[in-house]
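A.B. asks: Structure for this input, please:
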Amino acid sequence: FSLVMGVAGASDGESGVLVAGLAGLLAGALSMALGEWISVKSSQELYENQIQIELEELETNPEGEQQELSLIYQAKGINKIEAERMAAEIMQDPARAHQVLIEEELGINPEELKGSAIEAALYSFVLFAIGAIIPVFPFLFTSGFKAILYSSVLSALGLFGIGAAITLFTGKSVWFSGL
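C.D. replies: Below is the predicted model:
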């Protein structure tokens, strides 16, 4: 909206606004998609590295990992003897021990690593483009002050709608969140 209104103000709302708005939409959507892809991919790689390090620690120092697991259980309120027994039992199966250490020590849920960076990027691109087309849309059909007015109204309604939709998560009133 800011880009569209800036160009509209500088050009009296003529055809350059449409080109600038569509260019801004494309640039913004691509930037958001790339940022999302990098974020998801780097998080996955970080967690995969931590999981590999944990596996190496389990192989080279199983006693130390057993002690760590016992301390984790003790921190959760389990008495020392029971925590040591649980840790020793878990360490009998290296695959299970690795899984438990990933979840308990690292706090990583391996199921969450299965997300697709490309899928996240596509969603980000589409959602950004949907939001960005709102202030540009009137300039597809009209120009000048009329397009500026329609763009302002549609943008305000779009923002109100997003705020109102957030009430599904916050429980606040539609009017409060929308405004």
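
A.B. asks: Phi and psi next, for the most centrally placed residue in the chain.
C.D. replies: The centre of the chain sits closest to E36, judged by C-alpha atoms, centre = their mean, with a distance of 7.0 Å. Main-chain torsions, E36, degrees, to the nearest 10: phi -70, psi -40.

A.B. asks: What strand or helix carries the nearest residue to it once chain neighbours are set aside?
C.D. replies: Spatial nearest neighbour of E36, excluding adjacent residues (C-beta to C-beta, 6 or more residues apart in numbering): S124 at 3.9 Å. Where you see a C-beta, it was placed from the backbone N, CA and C, and this is true even at glycine. Taking DSSP states H and E as the definition, one finds S124 inside helix 117-136.

A.B. asks: cool, Q92 as well?
C.D. replies: Judged by DSSP H and E, Q92 forms part of no helix or strand.

A.B. asks: Could you count how many residues lie near it?
C.D. replies: 8 (other C-beta atoms under 10 Å).

A.B. asks: what residues are up against it?
C.D. replies: Counting by C-beta atoms under 8 Å, 6 or more residues apart in numbering, Q92 makes contact with nothing.

A.B. asks: can you give me phi and psi for it?
C.D. replies: Dihedral angles for Q92 - degrees, to the nearest 10 - are phi -70, psi -30.

A.B. asks: Repeat that for Q99.
C.D. replies: Torsion angles, degrees, to the nearest 10, at Q99: phi -60, psi -50.

A.B. asks: how close does the residue nearest to it when sequence neighbours are not counted get to T60?
C.D. replies: Nearest in space to Q99, with sequence neighbours left out and distances taken as C-beta to C-beta, 6+ apart, is P110 at 7.6 Å. Per C-beta to C-beta, to the nearest Å, P110 is found 22 Å from T60.

A.B. asks: higher neighbour count, those two?
C.D. replies: In this view P110 and T60 are compared by other C-beta under 10 Å, and P110 has more residues nearby, 12 against 9.

A.B. asks: Run a quick neighbour tally on A117.
C.D. replies: For A117, using other C-beta under 10 Å, the count is 17.

A.B. asks: rewinding a little: the residue nearest to E36 and V40 touch, don't they?
C.D. replies: No - counting by C-beta atoms under 8 Å, S124 does not reach V40; the two are 9.6 Å apart.
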